[in-house]
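Q: quick one, structure for this:
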Amino acid sequence: MQAYSSLFQILNKAIEEQQNSLNSSSPKEMYEPMSYIVGLGGKRVRPLLTLVGCDIFDTNPNDAIHAALAVELFHNFSLIHDDILDNAPLRRGNTTVHEKWNHNIALLSGDGMMVKAFDVLGKSNPEHVAKLLKLFAKTGLEVCEGQQYDMNFETQEHVSVQDYIHMITYKTAVLLGCSLQMGAICANASEENQKHLYEFGEHVGIAFQILDDVLDVYADDEKFGKQVGGDIISNKKTFMLLDAFELANEEQTKELNHLLYSKEISSNDKVKQVTALYNTLGVRELAIKEANKHTDIALKHLEELKANPSKKKDLKEFALHLLNREV
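A: Take a look at the predicted model:
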């Protein structure tokens with residue numbers, strides 16, 4: 001987004017310097033994978049939001065650069081470990097760390113990135129370090145808890161829609177809120193303004209994940225970049241699947257269970273038939289409605305924020321752009 005081009009320049013320069021530092025560190029077997037995953041890029045939305053959270057109060061975004069780097073390192077640590085847990089072969093179109101090296105190196109490199117994130121954060125303005133570390137540690141633990149909830153759902157017989165919202169809040173959304181609030185802390189923003197920014201980021205994160213569930217089923221497969229219906233094939237407990245079970249009558253529940261657990265149905269037929277049930281039950285519309293609810297909550301918090309009006313407008317447009325998932 002053009003409004004954030006200068007912030008991206010600041011961020012990308014700092015990340016490149018961090019990557020070079022990792023590349024020159026020893027033992028290389030531990031640091032090369034760290035440099036590798038950082039170098040794969042991605043949208044870098046989270047560290048960008050840290051700079052935005054500082055800049056929106058007309059404070060030099062460089063004041064939040066260590067916090068932004070910490071967010072990026074932590075996020076990449078979580079990706080390394082998530083890929084191990086999921087046994088994923090690819091990340092951002094490239095070989096995952098555990099596949100390129102091995103599981104032991106991936107675990108150790110991930111651990112190292114987590115420690116490095118706190119080390120970098122500790123280089124922030126001494127006046128802000130205590131608050132930043134407290135928020136960062138709290139958020140890091142919540143992300144891990146969210147991952148555990150997600151793994152629990154794989155074998156948990158009953159999961160409610162509210163259980164799911166709680167899980168994605170921790171696994172995905174809290175880091176967006178944290179990213180913005182850390183920027184606000186670096187800008188000496190008031191506690192009230194920090195809370196509004198945090199809540200804005202958290203609810204945008206919830207909406208984003210719900211829409212991602214919808215996209216997995218209803219996206220144009222040529223634009224999606226991965227297999228449409230992957231969540232259905234893997235029986236992943238998404239907002240739509242849980243809603244479907246809550247809304248289904250006895251016959252539909254029996255059909256849904258058969259589709260999910262029968263080994264005689266091909267993947268393509270499974271996706272088509274589960275999607276047809278989703279259409280009958282109207283869960284796509286309910287998911288979009290839920291995402292819109294959280295988007296509205298986020299925007300209300302942004303309205304309450306006492307900050308540069310023009311920069312608030314830029315953040316609103318950026319968030320809505322992220323949520324425009326062509327669903």
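
Q: helix or strand right after the helix or strand of the chain with the lowest mean pLDDT?
A: Lowest on mean pLDDT, DSSP states H and E among the helices and strands of the chain sits helix 221-224, with a mean of 55. Next helix or strand after helix 221-224 toward the C-terminus (DSSP states H and E): helix 230-233.

Q: buried set for stretch 291-308?
A: For stretch 291-308, a neighbour-count test (16 or more other CB atoms under 10 Å) marks 291, 294, 295, 297, 298, 299, 301, 302, 305, 307 as buried. To be clear about C-beta, it is placed using only N, CA and C from the backbone, and glycine gets the same treatment.

Q: quick one: it to chain centroid distance?
A: 19 Å (CA atoms, centre = their mean, to the nearest Å).

Q: contacts for it?
A: Defining contact as CB atoms under 8 Å, 6 or more residues apart in numbering, one finds that stretch 291-308 is touched by 56-58, 189-190, 192-193, 196-197, 199-204, 206-208, 210-211, 214, 312, 315-316, 319-320, 323.

Q: hmm, which of those are the buried ones?
A: 56-57, 189, 193, 196-197, 199-204, 206-208, 210-211, 214, 312, 315, 319, 323.

Q: quick one: which of those residues sit in helices?
A: 193, 196-197, 199-204, 206-208, 210-211, 214, 312, 315, 319, 323 (DSSP state H).

Q: low-confidence bits of the chain, can you list those?
A: Scanning the chain for pLDDT under 70 picks out 1, 221-227, 325-327.

Q: wait, doesn't residue 233 sit right on residue 268?
A: No - checked against CB atoms under 8 Å, the pair residue 233 and residue 268 is beyond contact range at 9.2 Å.

Q: comparing those two, which residue is more hemmed in?
A: Set residue 233 next to residue 268 and count neighbours by other CB atoms under 10 Å: residue 233 wins out with 17 against 10.

Q: ok, and the closest non-adjacent residue to that one?
A: residue 267 (5.0 Å; CB to CB, 6 or more residues apart in numbering).

Q: so the one you found makes contact with residue 230?
A: No - using CB under 8 Å, residue 267 is not in contact with residue 230; the gap is 9.4 Å.

Q: now do the strands in this protein.
A: With DSSP state E as the criterion, the chain has strands at 90-91, 94-95.

Q: for those strands, give me TSV that also has distance to residue 44 and mean neighbour count.
A: Output for these, formatted as TSV (distance: least, CB to CB, whole Å; neighbours: other CB atoms under 10 Å):
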stretch	distance to residue 44	mean neighbour count
strand 90-91	14	16
strand 94-95	16	14
